[in-house]
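# Next comes the sequence, and after it the predicted model I'd like to discuss.
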Amino acid sequence: MSGDSGEVVGKIVAPESQEDPPTFEIVPAHERDQAACQHHRYLLDEKWRTVKCRECGEPVDPFAILIRRAEWERSWEYRAKGFEKYRRKMLIEAARRLIRLRDTGDSEIEELKSAIERSHYYPHDGKWGITTDDLAVIVRKIESAVEERRSEKRKVKRDKRNALNLGCRRAQ
């Protein structure tokens with residue numbers, strides 16, 4: 001006999017005669033071996049429509065397997081939603097940081113502000129105003145443009161510094 005977790009909790013003992021009813025031996029939970037098989041791998045027999053543990057060969061309740069699988073999938077759904085929420089939060093922070101930078105252009109600032117305004121969830125529609133992926137594209141595009149401008153400024157400063165150093169050397 002199996003419990004919700006698929007562990008053996010008892011056995012049916014055949015009667016000694018036809019008149020005697022079968023007896024049940026129930027193993028109390030506190031007496032069960034803690035190192036018993038946890039039944040994590042399964043063998044499905046299509047012919048006999050049975051499910052057995054692949055490790056120990058014990059019959060396993062198919063519904064218990066479905067419950068375990070559903071709980072596992074639900075936990076991954078929660079993790080994915082949490083990750084998506086965290087990713088959106090980080091992108092909004094990146095957009096706000098870009099707005100504060102001196103190298104961000106006016107049109108880029110407006111685009112970022114618009115994206116931030118649309119990054120909220122609208123319960124009456126059941127939708128986000130902008131998808132996380134679209135927000136990521138906007139932020140990455142503007143980050144790239146700002147970095148390119150900064151790189152160009154560094155190059156101009158380096159060229160000026162080199163020109164000044166070269167001029168000082170010629171004067172000597």
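Cool, got the structure. Remember, it's a predicted structure, so these values are computed and weren't measured experimentally.

# Could I get the phi/psi values of residue 124?
The phi and psi torsions at residue 124 (degrees, to the nearest 10) take the values phi -70, psi -30.

# need the next SSE after the helix or strand containing residue 93, C-terminal direction.
Assigned by DSSP states H and E, residue 93 belongs to helix 62-100. Next helix or strand after helix 62-100 toward the C-terminus (DSSP H and E): helix 106-117.

# buried sites along that next one?
Neighbour counts using 16 or more other C-beta atoms under 10 Å place 108-109, 111-112, 115-116 of helix 106-117 among the buried residues. For glycine as for every other residue, the C-beta is placed from the backbone atoms N, C-alpha and C.

# Need the pLDDT of residue 3.
On pLDDT, residue 3 comes in at 47.

# Please disregard the earlier target; I meant residue 119.
If you check residue 119, the pLDDT there is 82.

# what about it, distance to residue 110?
Distance check for residue 119 against residue 110: by C-beta to C-beta, to the nearest Å, it reads 15 Å.

# just to revisit the earlier point, return the member of the buried residues of helix 106-117 nearest to residue 51.
Residue 51 lies nearest to residue 115 out of the buried residues of helix 106-117, by C-beta to C-beta, at 50.3 Å.

# which SSE is the closest residue in space to the closest one that isn't next to it in sequence in?
Excluding the flanking residues, the one nearest residue 115 by C-beta to C-beta, 6 or more residues apart in numbering is residue 138, at 4.9 Å. For residue 138, the element it lies in under DSSP H and E is helix 132-171.

# Report the helix or strand with the lowest average pLDDT across this structure.
strand 10-13 (a mean of 58; mean pLDDT, DSSP states H and E).

# tell me what the helix holding residue 93 is packed against?
Helices and strands touching helix 62-100, by 3 or more C-beta pairs under 8 Å, 6 or more residues apart in numbering; DSSP states H and E, are helix 106-117, helix 132-171.

# quick one: which of the ones you listed is nearest residue 19?
Once the helices and strands packed on helix 62-100 are compared by C-beta to C-beta, helix 132-171 is nearest, at 71.0 Å.
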